[in-house]
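Visitor: have a look at this fold, sequence not included:
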């Protein structure tokens, strides 16, 4: 049993030795950028910023349009309710007037 344990421990040690990573190679310094590359990079950044600004502006316009449409829809809905309530009230008044007229005729 002890021989088996010794073999397992030895196997673990040998596996640990092989599992070690090789040392990293030193990094080479980057070559300095040329002025043309810097200018094109600046242009690229400017383009990205313009694109992002345009995208943001478009989103804001879309949100504003959506809000405006929602407000118009709510206003139309409210107007429709008011018209319906006015028609209902008018109908009740007519009914009450007709009822009063009938009572007056019945009294005569």
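Guide: Sure thing, it's come through. As the structure is a prediction and not an experimental result, all values here were calculated from the model.
Visitor: the spatially most central residue of the chain is in what secondary structure piece?
Guide: Centroid-nearest residue in the chain: residue 59, 10.5 Å away (criterion: CA atoms, centre = their mean). Using DSSP states H and E, the element containing residue 59 is helix 35-107.
Visitor: what's that helix packed up against?
Guide: Using 3 or more CB pairs under 8 Å, 6 or more residues apart in numbering; DSSP states H and E as the contact test, no helix or strand touches helix 35-107. To be clear about C-beta, it is placed using only N, CA and C from the backbone, and glycine gets the same treatment.
Visitor: what's the distance between that helix and the middle of its chain?
Guide: 21 Å (CA atoms, centre = their mean, to the nearest Å).
Visitor: related to what we said a few turns ago, check the gap between the residue nearest to the centre of the chain and residue 44 for me.
Guide: Using CB to CB, to the nearest Å, residue 59 is found at 23 Å from residue 44.
Visitor: pLDDT below threshold where in the protein?
Guide: 18-19, 21-25, 27, 32-41, 108 (pLDDT under 70).
Visitor: the same query, at a cut-off of 80, please.
Guide: For the chain, residues meeting the criterion pLDDT under 80 lie at 15-44, 107-108.
Visitor: show me the contacts for residue 85.
Guide: Shown in contact with residue 85 (CB atoms under 8 Å, 6 or more residues apart in numbering): no residues.
Visitor: for burial, what's the neighbour tally of residue 94?
Guide: By the criterion of other CB atoms under 10 Å, residue 94 has 10 neighbours.
Visitor: hang on, I meant residue 42
Guide: Burial of residue 42 is recorded as 10 neighbouring residues (other CB under 10 Å).
Visitor: same question, the one 4 residues further on
Guide: Using other CB under 10 Å, residue 46 is surrounded by 10 other residues.
Visitor: so how far is residue 69 from residue 75?
Guide: The gap separating residue 75 from residue 69 is 11 Å, by CB to CB.
Visitor: whoops, I mixed them up, residue 14
Guide: In this view, residue 14 and residue 69 are 73 Å apart by CB to CB.
Visitor: ditto for residue 43
Guide: For residue 43 relative to residue 69 (CB to CB), the value is 38 Å.
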